[in-house]
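give me a 3D structure for the following:
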Amino acid sequence: MGSATWDGVRARRLARCFLADRAGADRLVDVAHDLGGVHAQVQASAELQLAARVDGITQGDIREALWERRLLVKAWTVRGTLHLHPADELALWYAAQRAVAGASPDGSEELEAWRDPAGMLHPPLGHDDVKAIRAAVWDALDGRCLLREELAEEVVKRVGPGPRQRLRSGFAFFVDEICQGPPQGTKVTFVRPDQWIDGWQEVEEQDALLEVCRRYVRTYGPARPGDFREWFASRALQPAQARALFDSLGDELEEIDVEGHRAYVLAGDTVFPTLQPSLRLLPEYDVYIMGFREREHLVPEAVKEQVAAHARGRYEGPAGVRFLIVDGAAAGLWERKKRGKRIEVQVTPARKLTPAQRAELDGEAERIGALLGLEPVLTVE
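The predicted model follows:
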């Protein structure tokens, strides 16, 4: 059995998340591929994640790749949340989801009663209702790009008023295998992936799940079945299923010891680089944080206290805050605020920064300003 240190694990994850050495602008789609998608529940976060990893890109470049060139696509995939993926891979991610949920493409599951954040109680929907609503969504989007409100009304015309409020709620009910089209102002639109993406082809479900698992292990490993389960689909994928999935990869995986913590890498992929000095400002829901499941080796005690005192941190934990990352570990928090033509970046380190780290921090603020086309103003508390 091979072995590694946590410093080596951090170094490897930094490298494979393009946080040690950034990629060139021509590799934007490759970066999204290697990361296993870019969390995009907050669009600004997705753009900042890509800017932290790809040299010389702007908001306009990312949005052009999404809405004009259709090289990237925005859809509900990992953990049922919005992610950016290479457009030609969306069928793979949808198939992997179906393999976990055991659902057919027509969406045959039932929906329980649900109280939305505004307090409205939505009644349960049976198998036949859900199937009919999904079919109505698919039909309503045939050759069209619709706002959420427009889609809801088109579906109501076909099946009656029952699903109107669920469709309008802002959640992924009935649209979890639809992708987003170009926004209209601040409002999202929806399109059919088989029409939006050139060369759409369905993928066999179990093959897709195995491929997604391999990609996770490569980028975020060493990993255990439970790590993959939490990252990909914690509610739908049962612990026994996750273990069986790793078992089914057989000789494709190799066990490794990380300071007493046993986990898996792809067979033969046992080289761990030396940890080099680095500093990055990562936004909320950054994929490096989401993929790093052994949080005790990512967030030291002093930063845990900062997270616990933070409004989002109290409810979402490490996922919901913006981390200053030094040498692969959390070293403080930061915030951003747009004021006119300026972007204010306020950093609160948990420990004193060296002069070299302070210089890197200036560069990170400049990068954020360049992405947004705004003048950066950096404050370090």
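
so which residues make contact with stretch 192-201?
For stretch 192-201, the surrounding residues in contact (CB atoms under 8 Å, 6 or more residues apart in numbering) are 70, 73, 75, 87-88, 90-91, 94, 138, 141-143, 177-179, 181. All C-beta atoms are positioned from the backbone trio N, CA, C, and that covers glycine.

start to end distance for that stretch?
Start to finish, the residues bounding stretch 192-201 are 13 Å apart (CA to CA, to the nearest Å).

buried ones in it?
Neighbour-count burial for stretch 192-201 flags 192-194, 196-197 (criterion: 16 or more other CB atoms under 10 Å).

return the subset of those residues lying in helices.
Among these, the members found in helices (DSSP state H) are 193-194, 196.

let's test this: mean pLDDT of the helix or strand containing Leu167, rounded?
For Leu167, the host element (DSSP states H and E) is helix 164-168. Helix 164-168 carries an average pLDDT of 88.

kindly report the same for stretch 224-238.
Stretch 224-238 shows a mean pLDDT of 92 in the predicted model.

equivalent analysis for stretch 264-275, please.
Averaging pLDDT along stretch 264-275 gives 97.

ok now it, how far from the chain's centre?
Relative to the mean C-alpha coordinate of its chain, stretch 264-275 is positioned 23 Å out (CA atoms, centre = their mean, to the nearest Å).

now do the same end-to-end measure for that stretch.
Using CA to CA, one end of stretch 264-275 lies 20 Å from the other.

and that stretch, which residues are buried?
In terms of neighbour count (16+ other CB under 10 Å), stretch 264-275 has its buried residues at 264-266, 269, 272, 275.

got those residues as TSV, with secondary structure and distance to Pro124 columns?
Below are the buried residues of stretch 264-275 laid out as TSV (DSSP: H, G, I helix; E, B strand; the rest coil; distance: CB to CB, whole Å):
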residue	secondary structure	distance to Pro124
Tyr264	strand	40
Val265	strand	44
Leu266	strand	43
Asp269	coil	46
Phe272	coil	50
Leu275	coil	51
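
what is the nearest of those residues to Val188?
For the buried residues of stretch 264-275, the residue nearest Val188 by CB to CB is Leu266; the value is 36.5 Å.

how about the helices in the stretch 1-150 of the chain?
Secondary structure of the stretch 1-150 of the chain (DSSP state H, counting those that start in this stretch): helices at 6-16, 28-34, 43-51, 59-63, 90-101, 127-140, 148-159.

and the ones you listed: which comes nearest Ala223?
Nearest to Ala223 among those is helix 6-16; the distance by CB to CB comes to 10.2 Å.

so how far is the closest one off the chain centroid?
Centroid separation for helix 6-16 versus its chain: 19 Å, with CA atoms, centre = their mean.

contacting residues around that helix?
Helix 6-16 has contacts (CB under 8 Å, 6+ apart) with 20-21, 34, 218-220, 222, 258-259, 272-276, 278, 288, 291-292, 297-298, 327-329.

hmm, 10 Å instead?
Contacts to helix 6-16, defined as CB atoms under 10 Å, 6 or more residues apart in numbering, come from residues 4-5, 19-21, 34-35, 218-222, 256, 258-259, 261, 263, 265, 269, 271-276, 278, 280, 288, 291-292, 294, 296-298, 325, 327-329.

am I right that Gly348 is in a strand?
No Gly there; residue 348 is Thr. Yes - assessed by DSSP: H, G, I helix; E, B strand; the rest coil, Thr348 belongs to a strand.

give the burial count for it, as a bare number.
15 (other CB atoms under 10 Å).

how near is it to Val100?
Using CB to CB, to the nearest Å, Thr348 is found at 38 Å from Val100.

can you add distance to Ile62 and pLDDT and give the ones in helices among the buried residues of stretch 192-201 back as CSV?
Shown next, in CSV, are these (distance: CB to CB, whole Å; pLDDT from 0 to 100):
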residue, distance to Ile62, pLDDT
Pro193, 19, 97
Asp194, 24, 97
Trp196, 17, 97
